[in-house]
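**Student:** just coords:
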């Protein structure tokens, strides 16, 4: 009987240890390799495509690093970091400028995408917005939220004013 108790205790501890190790491994994997949420759109009139990627900054907070990626066949991807989304500021709007370039606006930043030169640069003094094409944003589904690009017909242009949003 004494041998049975020791054997049961041994196997119970082994199983509990394996479960704890599995949970620790899954947590470590999530921290070391966080998921990247990506939404992409083809730039009209070009052979280029842009995507906005969200990468979690914390394992448990809804804060994300935002990246803009410019892709064109046969060329290396261009990737720039946009202002981080620290909660509720992930919406990113896309505009086409009259000169063929594109403007990407967030709540705190704005960049110009030049598909011909395959470049992304700070908007700086460029104040012209151009034609609104749509927005990258979280879309609520029945049980989850999906990060995707919505055309101007699906999502009207919004004023991206952080101060107004706080009030």
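**Tutor:** Good, I have the coordinates. A quick note: this is a predicted structure, and the numbers were derived from the prediction, not measured. Residues are numbered from 1 along each chain as shown.
**Student:** rest of the way, CA atoms for contacts and neighbours
**Tutor:** Fine.
**Student:** residues contacting residue 17?
**Tutor:** By C-alpha atoms under 8 Å, 6 or more residues apart in numbering, residue 17 lies in contact with nothing.
**Student:** try it again with 10 Å
**Tutor:** Contacts for residue 17 (C-alpha atoms under 10 Å, 6 or more residues apart in numbering) come out as 11, 23.
**Student:** I'd like the next helix or strand past the top helix by length along the chain.
**Tutor:** Secondary structure assigned by DSSP state H gives helix 2-32 as the longest helix of the chain. Sequence-wise, the next helix or strand downstream of helix 2-32 (DSSP states H and E) is strand 37-42.
**Student:** strand partners (parallel or antiparallel) of that following strand?
**Tutor:** strand 48-56 (antiparallel) (DSSP bridges).
**Student:** now the partner strand: average pLDDT?
**Tutor:** What strand 48-56 shows for mean pLDDT is 94.
**Student:** show me what the next helix or strand after that strand is packed against.
**Tutor:** Using DSSP H and E, the helix or strand that follows strand 48-56 in sequence is strand 64-72. If contacts are counted by 3 or more C-alpha pairs under 10 Å, 6 or more residues apart in numbering; DSSP states H and E, strand 64-72 sits against strand 37-42, strand 48-56, strand 78-85, strand 110-114, strand 119-122.
**Student:** dump those to a markdown table, plus mean neighbour count.
**Tutor:** Output for the helices and strands packed on strand 64-72, formatted as a markdown table (neighbours: other C-alpha atoms under 10 Å):
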| stretch | mean neighbour count |
| --- | --- |
| strand 37-42 | 17 |
| strand 48-56 | 21 |
| strand 78-85 | 17 |
| strand 110-114 | 21 |
| strand 119-122 | 15 |
